[in-house]
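S.K.: here is my input; please provide its structure:
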Amino acid sequence: MNQTAKTVAIALVSSVVTLTGYHFLGNKENRDVIFKEAGDSTGLTRLANFTGVAGVPGDFTYGAEVSTPGVVHIKATAMRQVRQRMPSIFEDFFGGDDFFGGPRNQQAESSGSGVIITSDGYIATNNHVVEGADELEVITSDKKIYKGKVIGTDPSTDLAVVKIEGGNFQALTFGNSDNVKVGEWVLAVGNPFNLESTVTAGIVSAKGRDISILKEKYAQRFQRNGNKASGDTPIESFIQTDAAVNPGNSGGALVNLKGELIGINTAIASPNGAYAGYAFAVPSSIVKKVTADIIKFGNVQRGYLGISPLELNSKVADEVGSKLDEGIYVAEVPENGAAHAAGVKKGDVILKIDGIEVKSEPKFREMIGRKRPGETVNITLNRNGSVKDYSVTLRNRDGGKDFLKKEEATAVFGKLGVDLEELSATDKSKIGVSGGVKIKKIYDGEIANQTDIREGFVIVKVGDRKVASVAEFKKALEQAKADGEEGVLLGGVYPGYSKMYYYGLGIE
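M.R.: Below you'll find the predicted structure:
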């Protein structure tokens, strides 16, 4: 296979300016997220009566009929600013729009799919289907059109939750992706090339596949302005299938022959952006956990084991001096981590998590990624030839066991592509400012595209307006727009430096 054929492409119709946002529902902590889950065999008589030869199903109609009503078509629209190139000599003679090559607004559209996961209108889809969108139009299988709202996203798994208003929607039943077998028949349901309610069939080609596409996207987000990727490590443990998946299938359903959701179609391996043999889906075990977190807490609650994992093979085993050449080698065990507290040591080899074998790093990250801080995992490991079991209580990113709530003082500003955080009294004292807002995280957006601002920058002024809080920052931008200003200067400091820095930002 040549290098071109190995290219992995995100399956969406057109690029949309990047936006990552967390929106909140009131009182989420008291909300129970109830999904339909597999277990009820009622109505599967037809499935048991397939008339195929040698175990091959005669048709796929049951799975298609059950799953199609639960898959929606998502159309995303975004306005982005496009800078025109300088005019050429030919345009001087023959004319052309925007002679001086100034920026202008352009509407960008993309199309994808989504899966209804609750009867009251919560929809699972891919982050890359909705990122950057100013408006979402959701079309159900019965041709009804709804306005969609992004409830939250998780770029580390390329998942997002969208909400449409209404009730009695036909939600898909969650299947158990752990039970999926290589060679099993599956159906991909979605809206490729804007062809609504399309079903294709294939088999599971592999499990626990890492194609590094999310890692590459994370790196690209920070490459432009010199920032290092931060936040959660991407979880890539895809189900690989040869069911035909094309642009527009992103966010759609991968189901088994019972019509149970076993994955969200996310990416394709392609030399040209169209289907060329293999597609990849996020397992339903991850989908269920991530979407439930977003709906209930507003963000994803990830538990951390607290080790540096290294996937073993014969070469790696020789390099680290391990007698085993399969499993997850524990390369480092930070002292403030959950694993260290439970007694896990450097040089141990993890064989199973909760009784499930973990021979690859993607599978290892998937198993841990299903858990929240404070939850317990049972780890089976080999230490110097002796097999031991350990019960480990996972911790949050800060080393505690509690859920990390999204602080009300933290805000995500859509097109700007930043997380903003208000300064604590300690921060103000250390930095030497009386107020301001800190850029906690930078995504693709206007800040990254127009400036060289780095994460950690503390904004103290917007133009000539001092800002001491997120609310004041937002108000200053809104006032500048109301005054007809085309841009503002963001003034601020970096912790540890006394110099004031100014960055110009267009706000049209």
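
S.K.: verify the contact between Phe364 and Ser308 for me.
M.R.: No - using Cβ atoms under 8 Å, Phe364 is not in contact with Ser308, being 11.5 Å away. (Glycine included, C-beta is placed from N, CA and C.)

S.K.: of those two, who's got more company?
M.R.: Phe364 (22 against 12; other Cβ atoms under 10 Å).

S.K.: just give the nearest non-adjacent residue to the more buried one, would you?
M.R.: Nearest residue to Phe364 in three dimensions, chain neighbours excluded: Val358, at 4.4 Å (Cβ to Cβ, 6 or more residues apart in numbering).

S.K.: thought that neighbour was touching Lys352?
M.R.: Yes - in this structure Val358 lies within contact range of Lys352 using Cβ under 8 Å: 6.4 Å.

S.K.: who has more neighbours, those two?
M.R.: Taking other Cβ under 10 Å, Val358 and Lys352 do not tie; Val358 has more neighbours (25 against 18).

S.K.: could you report the pLDDT at that one?
M.R.: At Val358, the model reports a pLDDT of 95.

S.K.: do the same with Lys401
M.R.: Model confidence at Lys401, given as pLDDT, is 73.

S.K.: where in this protein is pLDDT low?
M.R.: Along the chain, the parts satisfying pLDDT under 70 run over 1-32, 39-58, 79-106, 213-232, 273, 404-414, 444, 508.

S.K.: how's it carved up into domains?
M.R.: According to automatic domain parsing, the chain comprises the domains 4-73+112-297, 308-393, 410-506.

S.K.: need the winner for burial among those domains.
M.R.: domain 4-73+112-297 (a mean of 20; mean count of other Cβ atoms under 10 Å).

S.K.: what about Glu319, which SS state?
M.R.: Using DSSP: H, G, I helix; E, B strand; the rest coil, the structure places Glu319 in helix.

S.K.: again with Ala188
M.R.: Judged by three-state DSSP, the three-state class of Ala188 is strand.

S.K.: what's the answer for the one 5 residues further on, then?
M.R.: Secondary structure, three-state DSSP: Phe193 is helix.

S.K.: thought Asn246 was touching it, still the case?
M.R.: Yes - look at Phe193 against Asn246 with Cβ under 8 Å: they come within range, at 6.1 Å.

S.K.: roughly how far apart are Asp419 and Ala425?
M.R.: Separation of Asp419 from Ala425 (Cβ to Cβ, to the nearest Å): 20 Å.

S.K.: ok, now Arg209?
M.R.: In terms of Cβ to Cβ, Arg209 sits 48 Å off from Ala425.

S.K.: ok, now Val488?
M.R.: Here the criterion is Cβ to Cβ. By it, Val488 lies 27 Å from Ala425.

S.K.: part of a strand, is Asn168?
M.R.: No - remark: Asn168 does not belong to a strand; assigned using three-state DSSP, it is coil.

S.K.: that one is in contact with Gly121, isn't it?
M.R.: No - in this structure, Asn168 is not within contact of Gly121 by Cβ under 8 Å, at 9.4 Å.

S.K.: quick one: list the elements packing against the strand or helix carrying Leu381.
M.R.: Leu381 belongs to strand 376-383 when assigned by DSSP states H and E. Contact here means 3 or more Cβ pairs under 8 Å, 6 or more residues apart in numbering; DSSP states H and E; on that basis strand 376-383 packs against strand 349-353, strand 386-393.

S.K.: dihedrals phi and psi, Lys315?
M.R.: Backbone torsions of Lys315, given as degrees, to the nearest 10, read phi -70, psi -50.

S.K.: distance of it from Val330?
M.R.: Distance, Lys315 to Val330, by Cβ to Cβ: 18 Å.
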